[in-house]
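Colleague: Predicted model follows, preceded by the sequence.
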Amino acid sequence: MNIIISAKGVEDEEVKDRLYNGLEETLDRFEEKILRVQGRLEDAQHGANKVCQINVKMRKKDSVIIKETSNSFTTCVDSALNRLKL
């Protein structure tokens, strides 16, 4: 499973690591069914809105896309990962 994290306006490496590790832990059991996972973090309005988007490309099914917005990266990452667990 290939996990790619991109970040725009994010200088905190801990947030990127939190997303990467969360994706790896959450999706590990589905590794054979997943082609790639893309996580994107963005500071959309320079301080006001933080965005976390997760795109999971499956081998034989449609993609799963989750997008969360919050005033902190930690909150939107945790919310997106919780939704992915469902």
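Modeller: That came through fine. Numbering: from 1, shown residues only.

Colleague: Run through the strands of the chain in chain order.
Modeller: Counting by DSSP state E, the segments of the chain that form strands are 2-8, 34-43, 50-58, 64-70.

Colleague: Alpha carbons of the longest helix along the chain, as CSV, please.
Modeller: In the chain, with assignment by DSSP state H, the single longest helix is helix 13-27. What follows is helix 13-27, C-alpha atoms only, in CSV (Å, rounded to 0.1, in the frame of the first residue of the first chain):
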residue,chain,number,x,y,z
GLU,A,13,5.8,17.6,10.9
GLU,A,14,3.9,16.0,13.7
VAL,A,15,0.6,16.7,11.9
LYS,A,16,1.9,15.0,8.8
ASP,A,17,3.2,12.0,10.8
ARG,A,18,-0.2,11.8,12.7
LEU,A,19,-2.0,11.5,9.4
TYR,A,20,0.5,9.0,7.9
ASN,A,21,0.6,6.8,10.9
GLY,A,22,-3.2,6.9,11.3
LEU,A,23,-3.7,5.9,7.7
GLU,A,24,-1.3,3.1,8.0
GLU,A,25,-2.9,1.8,11.2
THR,A,26,-6.5,2.1,10.0
LEU,A,27,-6.0,0.6,6.5
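
Colleague: And that helix, what does it pack against?
Modeller: Under the contact criterion of 3 or more Cβ pairs under 8 Å, 6 or more residues apart in numbering; DSSP states H and E, the helices and strands touching helix 13-27 comprise strand 2-8, strand 34-43, strand 50-58, helix 73-85. Placement of C-beta: from N, CA and C, glycine included.

Colleague: Excluding chain neighbours, what is closest to the residue of the chain most remote from its centre?
Modeller: Using Cα atoms, centre = their mean, the residue of the chain lying farthest from its centre is residue 60. It sits 20.8 Å away. In space, and not counting its chain neighbours, residue 60 is closest to residue 33: 7.4 Å by Cβ to Cβ, 6 or more residues apart in numbering.

Colleague: Check the burial of the one you found by counting its neighbours.
Modeller: Counted with other Cβ atoms under 10 Å, the neighbours of residue 33 add up to 13.

Colleague: measure it to residue 5 for me?
Modeller: According to Cβ to Cβ, to the nearest Å, residue 33 and residue 5 sit 20 Å apart.
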